[in-house]
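[1] sequence first, predicted model second:
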Amino acid sequence: MSYAIEVENLTVTLNSTVVLDSLSFKLPHPSFLAIMGPNGAGKTTLIRVLLGFLKPVKGKVRVFGIDPVEHPSGVRALAGYLPQKERISFEIPMCVKDVVLMGKLLKKSPPRVPTREDIEAARDALRAVGLEELWNRCFRELSGGQQQRVLLARLLVAEPKIAFLDEPFAGVDVQTQQALTALLHKLVRERKVTIVLVTHDVNPIQEHTDYILLLNRKAIAFGHPTEVITSENLSKMYGAPIKVIQYGQYCYAITGDVHA
Ligand SMILES: Nc1ncnc2c1ncn2[C@@H]1O[C@H](COP(=O)(O)OP(=O)(O)OP(=O)(O)O)[C@@H](O)[C@H]1O
Ligand SMILES: [Mg+2]
């Protein structure tokens, strides 16, 4: 079996605090992984380690067999990354089409002149996130959720082998979240892309994901959604009782006034 990610006994400290503790899991390629956990659980830290921005103090990490500590550029050449709350503030106002095209052009060496195919691919990516009509609009005049979707299109157009999306759905409406999750699912199945998605919302993702990692400094659970999303695991992760009810094939987490 070929693995997109192999993590073995990974420990990371920041300011002498342990933020990831003896974490191990293996993610087959291609697959759709959702990482969930409370604020400060180490989700963003894990992604930064996988991309070679942070060095672990202990453990082994591989992305498609490449060690990101030794060869960060090797990993990054295969990866797309949509950081948490990326704020693009352009001095010069940019059109949506230029933002999306950046995904293609940054992979080329200068002079970075878009070909007809690049422009077509950028249009396709914008269509895939449902925003084709915004092609000529000014990026900074879009709503937060629209900007988020344009940035997703920019990532898609670069055709990564693995995409790390750190809470891409913050500020995106529920309907669009569903559509984008379905789109990511399709990328895994049809284009053999591995998707790593950090999200706080357990309910809309289960039918599309292959694996879920519940993280709170340590791995609380890793496996298939139906095995992982249990009342016991979620309560352990969040430190408060959470009830999970089964409805059809899927489980739903209920918070609030829960009597366990
Ligand atoms: N640059 C840094 N220097 C020191 N500590 C840091 C740094 N970045 C993160 N941390 C700490 O590491 C821990 C994990 O942070 P991380 O950003 O990985 O959490 P997260 O799971 O992504 O949380 P959130 O859901 O809020 O995005 C936190 O306790 C945080 O305070
Ligand atoms: Mg984070």
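    Great, that's in hand. Ligands and ions are numbered 1, 2, ... in the order given.

[2] got the domain ranges for this protein?
    Using automatic domain parsing, the domain parsing of the chain gives 1-78+160-225, 88-158.

[3] how far does the first one stretch from start to finish?
    Domain 1-78+160-225 stretches 20 Å from its first residue to its last (Cα to Cα, to the nearest Å).

[4] export the domains of the chain to TSV and tack on mean neighbour count and distance to ligand 1?
    Yep, even glycine has a C-beta here, placed from its N, CA and C like the rest. Shown next, in TSV, are the domains of the chain (neighbours: other Cβ atoms under 10 Å; distance: least, Cβ to the nearest ligand atom, whole Å):
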stretch	mean neighbour count	distance to ligand 1
domain 1-78+160-225	18	3
domain 88-158	16	15
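
[5] state the mean pLDDT of the host helix or strand of residue 33.
    Assessed by DSSP states H and E, residue 33 sits inside strand 32-36. For strand 32-36, the mean pLDDT works out to 96.

[6] which secondary structure state does the closest residue to residue 73 other than its chain neighbours sit in?
    The shortest distance from residue 73 to any non-neighbouring residue, by Cβ to Cβ, 6 or more residues apart in numbering, is to residue 52 (7.9 Å). Recorded secondary structure, residue 52: coil (DSSP: H, G, I helix; E, B strand; the rest coil).

[7] that older thread, would you convert the domains of the chain into a markdown table that also reports distance to ligand 2?
    As requested, the domains of the chain are arranged in a markdown table below (distance: least, Cβ to the ion, whole Å):
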| stretch | distance to ligand 2 |
| --- | --- |
| domain 1-78+160-225 | 3 |
| domain 88-158 | 15 |
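
[8] which stretch in the ones you listed has the least confidence?
    Ranked by mean pLDDT, the domains of the chain end with domain 88-158 at the bottom, a mean of 89.

[9] show me what the strand holding residue 33 is in contact with.
    Contacts to strand 32-36, defined as Cβ atoms under 8 Å, 6 or more residues apart in numbering, come from residues 5, 27, 43, 46, 184-185, 188, 194-200, 202, 205, 208-215, 225, 237.

[10] give me that answer again for 6 Å
    The set of residues external to strand 32-36 that reach it, using Cβ atoms under 6 Å, 6 or more residues apart in numbering, is 27, 43, 188, 195-199, 205, 209-215.

[11] pretty sure residue 253 sits in a helix.
    No. Counting by three-state DSSP, residue 253 is not found in a helix; it is strand.

[12] tell me the SS of residue 185?
    With three-state DSSP as the basis, residue 185 sits in helix.

[13] ok, it touching residue 208?
    Yes. The criterion here is Cβ atoms under 6 Å, and residue 185 meets it with residue 208 at 4.0 Å.

[14] ok, back up a step: mind checking the domains of the chain for the one nearest to residue 247?
    In terms of Cβ to Cβ, the element of the domains of the chain nearest to residue 247 is domain 1-78+160-225, at 10.2 Å.

[15] quick one, strands of the stretch 101-250 of the chain?
    Using DSSP state E, counting those that start in this stretch, the strands of the stretch 101-250 of the chain run over 162-166, 194-198, 211-216, 218-223, 243-247, 250-254.

[16] so for the chain, the centremost residue is which one?
    For the chain, the residue nearest the mean C-alpha position is residue 165 (2.2 Å; Cα atoms, centre = their mean).

[17] which element is residue 38 on?
    Per DSSP H and E, there is no helix or strand for residue 38.

[18] who's in contact with residue 150?
    Residue 150 makes contacts with 96, 99, as judged by Cβ under 6 Å, 6+ apart.

[19] what's the span of stretch 155-169 from first residue to last?
    This stretch, stretch 155-169, spans 14 Å end to end (Cα to Cα).

[20] hmm, back to that, now for the residue nearest to residue 73: which residues touch it?
    Residue 52 touches 68, 72, 75, counting by Cβ under 6 Å, 6+ apart.

[21] can you list the residues you listed in a markdown table and add secondary structure?
    What follows is the contacts of residue 52, written out as a markdown table (three-state DSSP):
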| residue | secondary structure |
| --- | --- |
| 68 | coil |
| 72 | helix |
| 75 | helix |
